[in-house]
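Colleague: One predicted model, sequence on top.
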Amino acid sequence: MTDGGLTDAIPVIRAYEDGARDITVVLSRPPGYRKKPPKFAFVPKRLFRNYPALADASLRRAEQYNSVLSFIENPPPDCTVRVIAPPANFAVGRLTRKQELLEQGYHDGHRAGLIYLDEEI
């Protein structure tokens, strides 16, 4: 079992399909980020050989993720998508463990949220 991050990391299209037309998205990567496809396709195929659907989802993850980012950047005319995202120099990644970088990331995210709220008022 996995979480939704593997197949629908940013469920904004699902929200739209379910009728949402005013959507706020909180991203953990700066604007313009795109996920790269896996370099070694054989790894998930071998790792998840007993779970072929999981292997396929893993291999399609970048394509699916990037298509959602395109939707966010260019939503349908009847939909407004607001985005809260960290700054371009955001130093926190998926495997970041350095306390000072994590604290900086927290403050960057807090600041992005406050800026968003200030713009909404």
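Modeller: Everything's here; your move. Since the model is a prediction, treat every value here as computed from it, not as a measurement.
Colleague: Other residues contacting stretch 41-50?
Modeller: Contact with stretch 41-50 is made by 38, 54-55, 58-59, as judged by C-beta atoms under 8 Å, 6 or more residues apart in numbering. Quick note: C-beta positions are derived from backbone N, CA and C, even for glycine.
Colleague: Let me fix that, I meant to ask about stretch 62-70.
Modeller: Stretch 62-70 is contacted from outside by 7-10, 12-13, 33-38, using C-beta under 8 Å, 6+ apart.
Colleague: now do stretch 73-81
Modeller: 12, 16, 20-25, 71-72.
Colleague: cutoff 7 Å now
Modeller: Around stretch 73-81, the neighbours that count as contacts under C-beta atoms under 7 Å, 6 or more residues apart in numbering are 12, 16, 21-23, 25, 72.
Colleague: Distance from that stretch to the middle of the chain?
Modeller: What separates the centre of stretch 73-81 from the centre of its chain is 17 Å, taken as C-alpha atoms, centre = their mean, to the nearest Å.
Colleague: Against which helices or strands is the host helix or strand of residue 115 packed?
Modeller: Element membership for residue 115 (DSSP states H and E) is helix 99-120. Packing contacts for helix 99-120, counted by 3 or more C-beta pairs under 7 Å, 6 or more residues apart in numbering; DSSP states H and E, involve strand 80-84.
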